[in-house]
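Novice: here is a sequence with its predicted model. Questions after.
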Protein chains: 2
Amino acid sequence: MMTRVSLKDIAQEIGVSNATVSLVLNGKEKEGRVSKELAERIRKKAVAMNYHPNAMARALRMGSSNTIGLIVTDSSNQFFAKLAFRIEEYADSLGYSVIVANSNENDAKMERMIQELKNRQVDGFIIIPTENGQGSINNLVNSKVPVVLLDRYFEEINTHHVLIDNFKTSRSATEFLINQGCKRIGLIIYKSELPHMQERRNGFAEALKRNGMYVPAFIKEINYQTIEENIQKAIDDLLTRIDPVDGILFASNSIAIHSLKYLMKRNINIPSDMKVIGFDENDAFDLSREPIPFVQQPIAEMGKLSVDLIIKQIEKEALNPTHIELLADLQNLPN
Amino acid sequence: MMTRVSLKDIAQEIGVSNATVSLVLNGKEKEGRVSKELAERIRKKAVAMNYHPNAMARALRMGSSNTIGLIVTDSSNQFFAKLAFRIEEYADSLGYSVIVANSNENDAKMERMIQELKNRQVDGFIIIPTENGQGSINNLVNSKVPVVLLDRYFEEINTHHVLIDNFKTSRSATEFLINQGCKRIGLIIYKSELPHMQERRNGFAEALKRNGMYVPAFIKEINYQTIEENIQKAIDDLLTRIDPVDGILFASNSIAIHSLKYLMKRNINIPSDMKVIGFDENDAFDLSREPIPFVQQPIAEMGKLSVDLIIKQIEKEALNPTHIELLADLQNLPN
DNA sequence: CTGAAAGCGCTTACAG
DNA sequence: CTGAAAGCGCTTACAG
């Protein structure tokens, strides 16, 4: 690797001290009261020598790196991929870099990634926490590290979070199915204690109870690790009861994709045989036989708000834990 | 933020020098000839004090950061998202972190991202280069920075690259359409000088020429920035000629998605009215009326090979530029 | 067997 | 108006 140009190189070329060069290049010539003319010479020289500051040296000295650590559960999932993309884009516009890490929905890996990003001196974390990641998040919050939870949160941890109103959203998605004429509506959802999942479940139940249509057996809980087989079993069950369901709410993007594949395999026609609605956008929803209705989370806004919240904390604005719950739209509804 | 425990803190607690602690914690006690017993005490203390090395300080001192910079054109595209995921996963298993940046197919942004990652002292780059990014890549290669180009390359730059054999793959995708009975086959492809695109184009042309079916007017070139309208125009054109096409090859993931949406909007039935095949996997291909055939690039292998190549360079194994061209499979073919 | 010292590339009080 | 010095947290020759 070509040896890089350092501050010192410029200082030597011009014949001044490192300090003077540093001051000028950081726009602090006023404070250093460097003469305009000298400042100009230094700037010219820096450009001519193709100088670029060593971000690590600066971070080490300053104790902050202008970097945000983002931990998602699976960056290859379209929903999180888009979220990460927006976060990167917006943070970049504010002069912050983002390092993305994956937890794979694994608590131990999330913990490890937090540690690794800490070692890299990130200034704060935006995290989509894992099911039992409460302890790790709690440690972070207690040690005063800036944190924003995204998409999910924990009841007991009072920190900043940005997500949609899952209860209301799930309720209105369910009401959509009711309005479509469904009489027996199923839910396929992750078995999870995370409140955002509970709220999706509760919103679903609420809509059905209001309409006297609530049947607990129509709720199928599945595991992330064995998603494919669990979904097949769940759908088989929902279809082969004496009172088979005529509508299903899918509580996540991946659940929707796997379920739709299996419904297709079983030759269930959507929407004539079965009406459905899913969470989170996916190219696939626009391309199936009929467009699949889905809950569209405001991804760009969620990204922007979480970046704003993390930067406010980093820049030490006193900030009470802010809980942001946005509204989500239903898309691809039949006319 | 809680003040972190440093090497020095451990040294003071135990009453030895920083050097001794550093040696032990890096497993170099043999070289330092530290007594077994002392080494053990130091290790215990480090754990007890919850010590974690400051990666930036180490990187500054060592001149390398154990970090790979990955520049993709769009991390929200499913193909690149999966590639990035695999790269991160495999690099992590080898003790390297990955910082992902997006160029948005924009040469200037790619250049800026390269500089930013350089400032962060990444040890090497895996890059999916932009159309006219040749200059930036060339500078990198000339300055002996470890580089691997992924998915694309430049004729004139003799550096490492990992991609599929686009000519052969495109040719066999086209042959698939021919075997399906198509007589007039169109291609929708990016207007691009990048050789991987040219090869997809040439492979397409070759298959048709061999079968006496080559019609230049059936090749539609579109721009990435105006993809949606260009595709609509291209498809309108292919459909409304006196000799409308009965098959189309989509030369990229995004092209396939947009095209399929528009074909659906125009009520073209696939595959009865029109047979198609696309590049790169997408959930949508499994969920359309009939599964959409597509070229499946060996994503995990491409990721792994590019990581191996970049690490070999970083670790200074003398290495002639390695050009890897993998074979890609066709998926979702009708039985 | 172990310590003292230098240095990676910065920034920032301090002194003049 | 500007320089000398200290220090961020490490690692590594060097000296003993």
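Specialist: Arrived safely, thanks for sending.

Novice: ok, how many other residues are close to A:Leu239?
Specialist: With neighbours defined by other C-beta atoms under 10 Å in any protein chain shown, the count for A:Leu239 comes to 16. Yep, even glycine has a C-beta here, placed from its N, CA and C like the rest.

Novice: likewise the one 3 residues further on?
Specialist: Using other C-beta under 10 Å, the number of residues around A:Ile242 comes to 4.

Novice: looking at this, it is in a strand?
Specialist: No - per DSSP: H, G, I helix; E, B strand; the rest coil, A:Ile242 lies outside any strand segment and is coil.

Novice: so who does it touch?
Specialist: Contact partners of A:Ile242, counting by C-beta atoms under 8 Å, 6 or more residues apart in numbering or on different chains, are absent.

Novice: quick one, what contacts A:Asn332?
Specialist: Counted by C-beta under 8 Å, 6+ apart, A:Asn332 has contacts A:Phe285, A:Asp286, A:Pro291, A:Ile292, A:Pro293, A:Phe294.

Novice: what is the nearest of the residues you listed to chain B?
Specialist: Nearest to chain B out of the contacts of A:Asn332 is A:Asp286 (C-beta to the nearest C-beta; 5.6 Å).

Novice: wait, that closest one sits on B:Asp283?
Specialist: No - using C-beta atoms under 8 Å, A:Asp286 is not in contact with B:Asp283, being 11.1 Å away.

Novice: which stretches of the stretch 101-250 of chain A form strands?
Specialist: Secondary structure of the stretch 101-250 of chain A by DSSP state E, counting those that start in this stretch: the strands cover A:124-127, A:147-150, A:160-164, A:185-190, A:219-222, A:247-250.

Novice: quick one: closest of the ones you listed to chain B.
Specialist: Closest to chain B of the strands of the stretch 101-250 of chain A is strand A:124-127 (C-beta to the nearest C-beta; 9.1 Å).

Novice: and the closest one, how far out from the chain middle?
Specialist: Distance, stretch centre to chain centre, for strand A:124-127: 10 Å (C-alpha atoms, centre = their mean, to the nearest Å).

Novice: helices or strands up against it?
Specialist: In this structure, strand A:124-127 packs against strand A:67-72, helix A:107-119, strand A:147-150, helix A:299-314, with contacts taken as 3 or more C-beta pairs under 8 Å, 6 or more residues apart in numbering or on different chains; DSSP states H and E.

Novice: which stretch among these comes nearest B:Arg58?
Specialist: Closest to B:Arg58 of these is helix A:107-119 (C-beta to C-beta; 8.8 Å).

Novice: now do that closest one against strand A:67-72, angle only.
Specialist: Direction vectors for helix A:107-119 and strand A:67-72, defined by axes from the mean of the first three to the mean of the last three C-alpha atoms, to 10 degrees, enclose an angle of 170 degrees.

Novice: for helix A:107-119, packing partners?
Specialist: Where contact means 3+ C-beta pairs under 8 Å, 6+ apart, helix A:107-119 is packed against strand A:67-72, strand A:97-102, strand A:124-127, helix A:134-142.

Novice: restricting to C-alpha, output the last one in PDB.
Specialist: As requested, C-alpha coordinates have been extracted for helix A:134-142 and formatted as PDB (Å, rounded to 0.1, in the frame of the first residue of the first chain):
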ATOM      1  CA  GLN A 134     -32.700  -8.000  26.700                       C
ATOM      2  CA  GLY A 135     -29.700  -8.400  28.900                       C
ATOM      3  CA  SER A 136     -27.300  -7.200  26.200                       C
ATOM      4  CA  ILE A 137     -29.400  -4.200  25.500                       C
ATOM      5  CA  ASN A 138     -29.800  -3.400  29.100                       C
ATOM      6  CA  ASN A 139     -26.100  -3.400  29.700                       C
ATOM      7  CA  LEU A 140     -25.700  -1.000  26.800                       C
ATOM      8  CA  VAL A 141     -28.300   1.400  28.100                       C
ATOM      9  CA  ASN A 142     -27.000   1.200  31.700                       C
END
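
Novice: quick check, the strand or helix carrying A:Val24 touching chain B?
Specialist: For A:Val24, the enclosing helix or strand under DSSP states H and E is helix A:18-25. No - with C-beta under 8 Å from any C-beta of the partner chain as the measure, helix A:18-25 is seen stopping short of chain B, the closest distance being 13.1 Å.

Novice: got the contact list for that helix?
Specialist: For helix A:18-25, the external contacting residues (C-beta under 8 Å, 6+ apart) are A:7-8, A:10-11, A:14, A:29, A:31-32, A:34, A:38-39, A:42-43, A:46, A:51, A:53.

Novice: picking that back up, DNA strand D: which of the contacts of A:Asn332 is nearest?
Specialist: For these, the closest approach to DNA strand D (C-beta to the nearest atom of the strand) belongs to A:Phe294, at 47.1 Å.

Novice: how many neighbours does that closest one have?
Specialist: 26.

Novice: shouldn't it be in contact with A:Asp286?
Specialist: No - if you go by C-beta under 8 Å, A:Phe294 and A:Asp286 don't touch, sitting 9.5 Å apart.

Novice: of the contacts of helix A:18-25, buried ones?
Specialist: A:Leu7, A:Ile10, A:Ala11, A:Ile14, A:Glu29, A:Val34, A:Ala39, A:Ile42, A:Arg43, A:Ala46, A:Tyr51, A:Pro53 (16 or more other C-beta atoms under 10 Å in any protein chain shown).

Novice: for these, which one is nearest DNA strand C?
Specialist: A:Leu7 (3.2 Å).

Novice: so how far is B:Arg61 from the closest one?
Specialist: Counting by C-beta to C-beta, to the nearest Å, the gap from A:Leu7 to B:Arg61 is 17 Å.

Novice: now A:Lys118
Specialist: Shown here: A:Lys118 relative to B:Arg61, a distance of 19 Å by C-beta to C-beta.

Novice: what about the one residue in the stretch 101-250 of chain A that gets nearest to DNA strand C, how many neighbours?
Specialist: Closest to DNA strand C within the stretch 101-250 of chain A is A:Gln121: 12.0 Å, counting by C-beta to the nearest atom of the strand. A:Gln121: 22 surrounding residues under other C-beta under 10 Å.

Novice: for A:Gln198, same thing?
Specialist: 15.

Novice: give me the spatial nearest neighbour of it, chain neighbours excluded.
Specialist: Excluding the flanking residues, the one nearest A:Gln198 by C-beta to C-beta, 6 or more residues apart in numbering or on different chains is A:Ser192, at 7.6 Å.

Novice: just to revisit the earlier point, out of the contacts of helix A:18-25, which are close to chain B?
Specialist: A:Pro53.

Novice: pLDDT check: weakest of the contacts of helix A:18-25?
Specialist: Looking at the contacts of helix A:18-25 by pLDDT, the weakest one is A:Gly32, with 64.
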